[in-house]
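Trainee: would you be able to build a 3D model of this:
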Amino acid sequence: MPTARIAVVDVDGTLVDTNYHHAVAWYRAFRSLGETYPVWRIHRLIGMGGDQLVAALGGDDVERRIGDRVRDRWVEEFDPMLGEISVLPGARELLVALRERGHRVVLASSGKPQHVEQYLDLLDARDVAEEWTDADDVESTKPAPDLLQVALAKLGEPADAAGVVIGDSVFDVQAAANAGMPAIVVRSGGFGDDELREAGAIALFDTPADLTAALDDTPLA
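Mentor: Model (predicted):
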């Protein structure tokens, strides 16, 4: 595979350790509105945008009845956890290493704007990433390719630019495939290696630090 020019990097769960916080926040939000689902089922959907998660978990009827309310409650449940969130090992160093190799770096997040701002501060990433996205930039989130296409557009790059997606979930891999890009995955999403590879991941690493150490063996050399 030819060397890429652009690294489109997911934030939630890939650079900052948020996946299990999200799962608990969704559990509490649903339960507060009379719908209780096992946390493991919710976790299996983390990485999918909130615009799609409600129907994927509870069906179209639940989306019609409480979709907007449960999304609002999710924010209320998640916000108090922001102070607990930490950066995953080597996250900022990965971004720096990508820039040092001459790649353009854009952070592709469908998180709420205030959450993305918090993550940028945690990562000290404003001087490393050229651009970043948030939920206000797209109508359809992962596994739709829209977020990745917007990320490329923010760099002034065409939709078929040579890029690689770095993510942590099967939904990142699927979105990358839908956008015509390969995907490298860190295991912090909690998905199995077999399902990540089946979705199309070209390489798997435990942490951003491990990916940094192996960059020369990837299209992001």
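Trainee: please make it C-alpha for all contacts and neighbour counts, starting now.
Mentor: Will do.
Trainee: how many residues are close by Ile152?
Mentor: Not Ile; residue 152 is Leu. 27 (other C-alpha atoms under 10 Å).
Trainee: and what of Gly59?
Mentor: When neighbours are counted by other C-alpha under 10 Å, Gly59 comes out with 11.
Trainee: and it, how far from Asn19?
Mentor: 22 Å (C-alpha to C-alpha, to the nearest Å).
Trainee: how about the strands in the protein?
Mentor: Under the criterion DSSP state E, the chain contains strands at 6-10, 104-108, 131-132, 163-167, 183-186, 203-205.
Trainee: contact partners of the last one?
Mentor: Contacts of strand 203-205 from elsewhere in the structure, counted by C-alpha atoms under 8 Å, 6 or more residues apart in numbering, are Ala183, Ile184, Val185, Val186, Arg187, Asp193, Arg197, Leu211, Thr218.
Trainee: in contact with the fifth one, which residues?
Mentor: In other words, Arg187. Asp168, Ser169, Leu204, Phe205, Asp206, Thr207.
Trainee: save those as CSV, and put in pLDDT and neighbour count too.
Mentor: What follows is those, written out as CSV (pLDDT from 0 to 100; neighbours: other C-alpha atoms under 10 Å):
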residue, pLDDT, neighbour count
Asp168, 98, 33
Ser169, 97, 33
Leu204, 98, 19
Phe205, 98, 17
Asp206, 98, 14
Thr207, 98, 20
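Trainee: can I get those residues in CSV including distance to Glu157?
Mentor: Shown next, in CSV, are these (distance: C-alpha to C-alpha, whole Å):
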residue, distance to Glu157
Asp168, 24
Ser169, 25
Leu204, 26
Phe205, 28
Asp206, 30
Thr207, 28
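Trainee: care to break this protein down by domain?
Mentor: Each structural domain of the chain that the record assigns through automatic domain parsing is listed here as a residue range: 6-17+86-217, 19-83.
Trainee: pick the most buried one from these.
Mentor: Mean neighbour count (mean count of other C-alpha atoms under 10 Å) peaks for domain 6-17+86-217 among those, with a mean of 20.
Trainee: that one: end-to-end distance?
Mentor: 16 Å.
Trainee: quick thing: my sequence starts at 818, can you match it?
Mentor: All set: I'll call the first residue 818, so the last point we hit is now domain 823-834+903-1034.
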